[in-house]
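> Give the three-dimensional model of this entry:
(one chain, ligands or ions: 1)
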Amino acid sequence: MIVVSSVQALRDAVDGVGSRPVSYGFVPTMGGLHAGHQALIQASTRQCQMTVVSLFVNRAQFAPCEDFSSYPRTMDLDLSTCKEGGVDIVFAPHESDVYPSDFDTTVETGVGSPSRNPSSEGAARPTFFKGVATILTKLFILIRPTAVFFGQKDAQQCAVVRRLVRDLWFNIDVVVCDTVRESDGLAMSTRNGYLLPLERKHASVLYKSLLHGLQLAKQGIRDADQLRMAIRAYIEKWEQLSKPSAVEFRLVYVSVCSSNTFKELDGTVAAGVDCIACVTAMMGKARLIDNIRLEFGVRSLE
Ligand code: PAF
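Numbers count the residues shown, from 1 in each chain. You can find the predicted model right below:
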């Protein structure tokens, strides 16, 4: 495994293997690797001849009030995980190389914009997807992967990347892997490490609320407003009846939307629409996000 930090060293590592391999998988990360990242690495090493992982805590996607400085930085562990996973190249750039002081470009997609859907990551974190799209554009140009791997947990990020790749003519296959969950259903996330033991015990409430929504959808409820309300009601009931007072909790949004456009759905969801339910909440210091496909089929709204 080659570990590089400079742009030139990365270029040399990517091009220096002689004729470029046919398939080049890329797993972009901010480090703090967990089993969810391991699954992405495994998917890439299975599907591609070479795998590149980036480890870079991208300041541009954090608002000033967010956890950029406390975000876990676990480089040694991450390198072992990459090595064990069969990664060929790790790119861990310095911030000053990625964003020199005169850096003056941002990339923005409509699907990630704050105005797209008031109940979304794009609205709750207005600069987040600009930061994500900008760093990914830089990395795609540098690494030139044939496939890039993301987790379904970050559903809106997946939609942003699909749009970016399509609109900017990147010749990259966007592979979305299933969310990896703890045994109680909590979606794996680097930020789960912020949960105190009592919070951790209750953190799977989001997934349970989504399963409740899915169950109703399977029972034939097709009304987006009803599904949204049912998911919200499930969480509110938990807050009233089961949440220990020591657990700080704030529901940020519940959304039932298209997983491609992220437009909120209203009324009866037509058969075949790519419908997804998303929930985000703050529990203590941890921002928890999760989603579930509501299995109305596969016709895109686009
Ligand atoms: O999902 C993440 O870890 C980040 O948003 C990404 C894609 C690595 C961009 O910084």
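> Give me the contacts around the helix or strand of the chain at the bottom of the mean pLDDT ranking.
Lowest by mean pLDDT, DSSP states H and E among the helices and strands of the chain is helix 7-15, with a mean of 92. Contacts to helix 7-15, defined as CB atoms under 8 Å, 6 or more residues apart in numbering, come from residues Ile2, Val4, Arg20, Tyr24, Val52, Ile89, Phe91, Pro93, Asp97, Leu142, Ile143, Arg144. For the C-beta atoms, the positions are set from N, CA and C on the backbone; glycine is no exception.
> What is the lowest-pLDDT residue among those residues?
Comparing pLDDT over these, the lowest score belongs to Arg20 (75).
> Next, the contact list for that one, please.
Counting by CB under 8 Å, 6+ apart, Arg20 has contacts Val14, Arg144.
> same deal with the one 3 residues further on?
For Ser23, the contacting residues are Gln47, Cys48, Gln49, Met50, Thr146, Ala147, taking CB under 8 Å, 6+ apart as the criterion.
> Residue numbers of the chain in contact with the ligand?
Residues of the chain lying close to the ligand by CB under 6 Å from any ligand atom are Pro28, Thr29, Met30, Asn58, Gln61, Val132, Ile135, Leu136, Asp154, Gln157.
> List the backbone torsions phi and psi for Asp225.
Note on Asp225: backbone dihedrals following degrees, to the nearest 10 are phi -60, psi -40.
> Please tell me I have it right and it contacts Glu264.
No. If you go by CB atoms under 8 Å, Asp225 and Glu264 don't touch, sitting 9.8 Å apart.
> Touching both of these two, which residues are there?
Common neighbours of Asp225 and Glu264 are listed as Val256 (criterion: CB under 8 Å, 6+ apart).
> So for these two, which sits in the more crowded spot?
A count of neighbours by other CB atoms under 10 Å puts Glu264 above the other of Asp225 and Glu264, at 18 against 13.
> Now do the helices in the stretch 101-250 of the chain.
Here the stretch 101-250 of the chain has its helices, by DSSP state H, counting those that start in this stretch, at 121-124, 128-143, 155-167, 197-202, 205-218, 224-241.
> In PDB, list the C-alpha atoms belonging to the third one.
Taking only C-alpha atoms (Å, rounded to 0.1, in the frame of the first residue of the first chain), the coordinates of helix 155-167 have been written out as PDB:
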ATOM      1  CA  ALA A 155     -28.600   9.400   0.800                       C
ATOM      2  CA  GLN A 156     -28.600  13.100  -0.200                       C
ATOM      3  CA  GLN A 157     -24.800  13.000  -0.600                       C
ATOM      4  CA  CYS A 158     -25.300  10.000  -3.000                       C
ATOM      5  CA  ALA A 159     -27.900  12.100  -5.000                       C
ATOM      6  CA  VAL A 160     -25.500  15.100  -5.100                       C
ATOM      7  CA  VAL A 161     -22.700  12.800  -6.400                       C
ATOM      8  CA  ARG A 162     -24.900  11.200  -9.000                       C
ATOM      9  CA  ARG A 163     -25.800  14.800 -10.300                       C
ATOM     10  CA  LEU A 164     -22.300  16.000 -10.100                       C
ATOM     11  CA  VAL A 165     -21.000  13.000 -12.100                       C
ATOM     12  CA  ARG A 166     -23.800  13.400 -14.700                       C
ATOM     13  CA  ASP A 167     -23.700  17.200 -15.100                       C
END
